[in-house]
Each structure stands twice: as structure tokens, then as C-alpha cells.
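*Asks:* from the sequence below, what's the structure:
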Amino acid sequence: MENPDRVCSRTQVLDKVWGPSVYVEERTVDVHIRRLRQALEGFGADPYVQTVRGAGYRFSVS
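*Replies:* You can find the predicted model right below:
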């Protein structure tokens, strides 16, 4: 949210959340993004978390 429209790869998200020394499957990020969207859905904010195909995810209000 500090950098709207900036695309973050799964690896970048994993490193920020779990740290580089922990092994977590990249697909774990997809599961958490899905859960985040479900939580935001009740507020109508789920479209703000966007998938950038082949690159990762971004937060965008536009």
C-alpha cells in the first residue's frame, strides 16, 4: 500500500513476509492472496489486489 501500482513478484512477497532463510513454496503466496481478497470482498475492496500475469501482484486503486 505504500507503493501503489508497484508489481511485486511472489519471491519478493515471500522474502518480505517469511524472510529469505525460510523455505516456503511460491504457490503459498497465491493462497494468501486469495484469502486476502475474500476478506476484502465484504468491503468491496477485493479488486484493489490485482494479479499481474507472469509478474506477480500489485495493489492499485485505479
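*Asks:* from here on, contacts and neighbour counts on C-alpha atoms
*Replies:* OK.
*Asks:* wait, what's in contact with the residue of the chain positioned farthest from its centre?
*Replies:* Within the chain, Ser21 marks the point farthest from the mean C-alpha position, 19.8 Å out by Cα atoms, centre = their mean. With contact set as Cα atoms under 8 Å, 6 or more residues apart in numbering, Ser21 has no partners.
*Asks:* how near is it to Val29?
*Replies:* 16 Å (Cα to Cα, to the nearest Å).
*Asks:* kindly report the same for Val7.
*Replies:* For Val7, the distance to Val29 - Cα to Cα - is 14 Å.
*Asks:* Arg35 - how many residues pack around it?
*Replies:* Arg35 has 12 neighbours, counted by other Cα atoms under 10 Å.
*Asks:* buried sites along the helix or strand containing it?
*Replies:* For Arg35, the element it lies in under DSSP states H and E is helix 27-41. The neighbour-count check on helix 27-41 (16 or more other Cα atoms under 10 Å) flags 29, 33, 37 as buried.
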